[in-house]
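>>> dropping the sequence and predicted coords here.
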Amino acid sequence: MLFHLSTHGPVTRVQLAATVLGRPLVGVSAYRLGPLLIDTGLPWTRRRLVAWAQDTGVERVVLTHHHEDHVGAAAQLSALGLPVAAPALALERLARGPRVPLYRHLVWGRPAPFRAEPLGERVDVFDYSFRVIPTPGHAFDHVCLYDDDRGWLFGGDLYVHERVKFLRRVEDLALHLDSLRRIAALEPKLLFCAHAGVIPDAAAALRRKIAFWENLAGRAQDLAANGWSLRPITRELLGREGLFTWLSRGDFAKVNLVRALLLVPGAPGR
């Protein structure tokens, strides 16, 4: 198991991952700001995270969305009496336990069901005041936390990486692009991302991600206009599919991204 702490001013980043033969699988980060914990990592690391949270005085939890790598220890923290708040759209799914495909179960595990409180419009801790901003696309219930005074953004999975080349079938790329544009327009200065870590000049990073997808959309649509079909376009632009595409039976695939990019209106070059 990977459990690594790093400090960034008053914020502690907790990097978490399951390991196989000592090598970490796909990891994720939770963040602590004083008594507030933002996301709780994956189920496979829940015991270590819960022990650390108790030792460091975590008093409440906020979740950015319902995915298992963000809510993995939430049920156990809730059972200890800590209030856990989640987006209103996530509450029913968390109460019955999110359905987790086999490939994601192997990497992250399956979280236990629990009852969360509905997340309000703001999250306050010390003299920080974060707006809760709905940012659907990656997940229907996804939210970000943004402090207007400091330009700090706890982004969950809004960013992940500048050059994301895979998409799950249920993701809505058009909504995700809209969310990215809305948040970039706020000119955030510092991004605390669940996968990419702590990113300075956050607005520029978000715009580079938007540009990567928009440029891919323009190229894909040009090829389609010249008679290319979906899978040849995917191989031309992104190469062959990876191991996870096979393991997920196509749920996590480059072809899903290209299929969505072909529908992006107003892409460059069109």
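Great, that's in hand.
>>> which residue packs closest to residue 219, ignoring adjacent ones?
Nearest non-adjacent residue to residue 219, counting by Cβ to Cβ, 6 or more residues apart in numbering: residue 237, 6.0 Å away. In this view, the C-beta of every residue, glycine as well, is placed from N, C-alpha and C.
>>> surely that neighbour is in a helix?
Yes: Residue 237: assigned to a helix according to DSSP: H, G, I helix; E, B strand; the rest coil.
>>> for stretch 215-232, C-alpha coordinates in PDB please.
In PDB, the C-alpha atoms belonging to stretch 215-232 read as follows (Å, rounded to 0.1, in the frame of the first residue of the first chain):
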ATOM      1  CA  ASN A 215      -7.700  20.400 -31.000                       C
ATOM      2  CA  LEU A 216      -8.200  16.600 -31.000                       C
ATOM      3  CA  ALA A 217     -11.900  17.200 -31.800                       C
ATOM      4  CA  GLY A 218     -11.000  19.300 -34.800                       C
ATOM      5  CA  ARG A 219      -8.600  16.700 -36.100                       C
ATOM      6  CA  ALA A 220     -11.000  13.900 -35.500                       C
ATOM      7  CA  GLN A 221     -13.800  15.800 -37.300                       C
ATOM      8  CA  ASP A 222     -11.600  16.600 -40.300                       C
ATOM      9  CA  LEU A 223     -10.700  12.900 -40.700                       C
ATOM     10  CA  ALA A 224     -14.400  11.900 -40.400                       C
ATOM     11  CA  ALA A 225     -15.300  14.500 -43.000                       C
ATOM     12  CA  ASN A 226     -12.800  12.800 -45.300                       C
ATOM     13  CA  GLY A 227     -14.500   9.400 -44.900                       C
ATOM     14  CA  TRP A 228     -12.500   7.900 -42.000                       C
ATOM     15  CA  SER A 229     -14.400   5.700 -39.600                       C
ATOM     16  CA  LEU A 230     -14.300   5.800 -35.800                       C
ATOM     17  CA  ARG A 231     -11.600   3.200 -35.000                       C
ATOM     18  CA  PRO A 232      -9.100   4.200 -37.700                       C
END
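>>> that stretch: how far from the chain's middle?
Here stretch 215-232 is found 28 Å from its chain centre; the criterion is Cα atoms, centre = their mean, to the nearest Å.
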